[in-house]
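Colleague: with the sequence up front, the predicted model follows.
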Amino acid sequence: MSKRSVLALGALALLVLLQVGPSACIKKSDDDMVWVPAGEFLMGTDEVDAANEALDYGLPHPWYEDEHPLHRVNLPAFYIDEYEVTNEKYKRFLGAGKHAWPDDWKNGTYPEGRAKFPVAYVSWFDADEYCRWAGKRLPTEEEWEKTARGPDSFKYPWGNLYNPDLGNISKGPVMAASAVAVGQYAGGRSPYGAYDMIGNVWEWTASWYRPYPGNEAQNENFGQVFRVTRGLSFMGIGHYPPEVYKKVASIIARASFRSYDYPTSRLTDVGFRCARSVK
């Protein structure tokens, strides 16, 4: 083969790669999980809420404070669910043993037409038990953030610019109507192929709400009381007034934003997805 032919084939291969885009690099398991390779990523942020605006909005600490410092985290490879766990999948789990039904279910089943919606009204303990039943586990906070930010540590799963149209989140100072079926926002997929990392429902993680190494903030909620939730929900930002909505939304929708709840809480906009270690 001539040098010219080799160069032509190389150019063709490059053209194909550019056309298919990032999805060509997504690796999936046979049970709707995506693969996240081993390696480092940047977690947290060094941004500062210099004006303490978050306190004016009733939050217990300044924006970004519990995400400090920006730091490198090295993780082994793992799999994580491509989608949030749905009502229909959760029903199979409930059928396998005695367990509390979610509050929005009636007569032992989910509302009509919501089979593919993410399950909600599940406590951390419910989520943890489901994942174990499925041969998986809850993702750690580090795994969740790496999945959402990708190898380039994006601010949002889709890149570094806020775009409310790429997830099921409030599009203005009015709450979105409800969750939607998983996988509706292909443009908001994370670099590793996970859907709905921002929007739809908040997601339980395995992690306690603790300070990152080097964080010296005096946050009274740090410790082993609350479990971290990630990923924003359909109703998570719709209650802020119009004059601050866009700024607040762009902060809370970031992939590094941390929220937390009591592990016994069962809330209308909190669900989960599972992870699995790579043997």
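Modeller: The structure has been received and is ready for your questions. Numbers count the residues shown, from 1 in each chain.

Colleague: strands of this protein, start to end?
Modeller: Taking DSSP state E to define them, one finds strands in the chain at 33-36, 39-43, 71-75, 78-81, 202-208, 227-230, 259-261, 270-271, 275-277.

Colleague: can you give me the helices for the stretch 101-250 of the chain?
Modeller: With DSSP state H, counting those that start in this stretch as the criterion, the stretch 101-250 of the chain has helices at 124-133, 141-149, 242-252.

Colleague: okay, those helices in a markdown table with mean pLDDT, mean neighbour count and distance to N219 next?
Modeller: Glycine gets a C-beta too; all of them are placed from N, C-alpha and C. Converted to a markdown table, the helices of the stretch 101-250 of the chain look like this (pLDDT from 0 to 100; neighbours: other Cβ atoms under 10 Å; distance: least, Cβ to Cβ, whole Å):
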| stretch | mean pLDDT | mean neighbour count | distance to N219 |
| --- | --- | --- | --- |
| helix 124-133 | 97 | 19 | 20 |
| helix 141-149 | 98 | 24 | 15 |
| helix 242-252 | 84 | 15 | 17 |
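
Colleague: so which of those is nearest R227?
Modeller: Smallest distance to R227 across the helices of the stretch 101-250 of the chain (Cβ to Cβ): 4.7 Å, for helix 124-133.

Colleague: so which of the strands of the chain is the most surrounded?
Modeller: strand 270-271 (a mean of 27; mean count of other Cβ atoms under 10 Å).

Colleague: just the residues contacting that one, thanks.
Modeller: Residues outside strand 270-271 that contact it (Cβ atoms under 8 Å, 6 or more residues apart in numbering): 84-85, 118-122, 127, 200-204, 229, 233, 261.

Colleague: which of those residues lies closest to K91?
Modeller: Closest approach between the contacts of strand 270-271 and K91, by Cβ to Cβ: V119, at 8.6 Å.

Colleague: can you tell me the closest non-neighbouring residue to that closest one?
Modeller: Distances taken as Cβ to Cβ, 6 or more residues apart in numbering place Y90 nearest to V119, at 4.1 Å, with adjacent residues excluded.

Colleague: pretty sure the one you found is touching E129, no?
Modeller: No - Y90 lies out of contact with E129 (Cβ atoms under 8 Å); the separation is 10.8 Å.

Colleague: of all the helices of the stretch 101-250 of the chain, which one comes closest to I169?
Modeller: Among these, helix 242-252 sits nearest to I169 (Cβ to Cβ), with 7.2 Å.

Colleague: pLDDT score assigned to the closest residue to R149 other than its chain neighbours?
Modeller: Distance criterion Cβ to Cβ, 6+ apart; nearest residue to R149, sequence neighbours excluded, is A255 at 4.8 Å. The score at A255 is 98. That number is its pLDDT.
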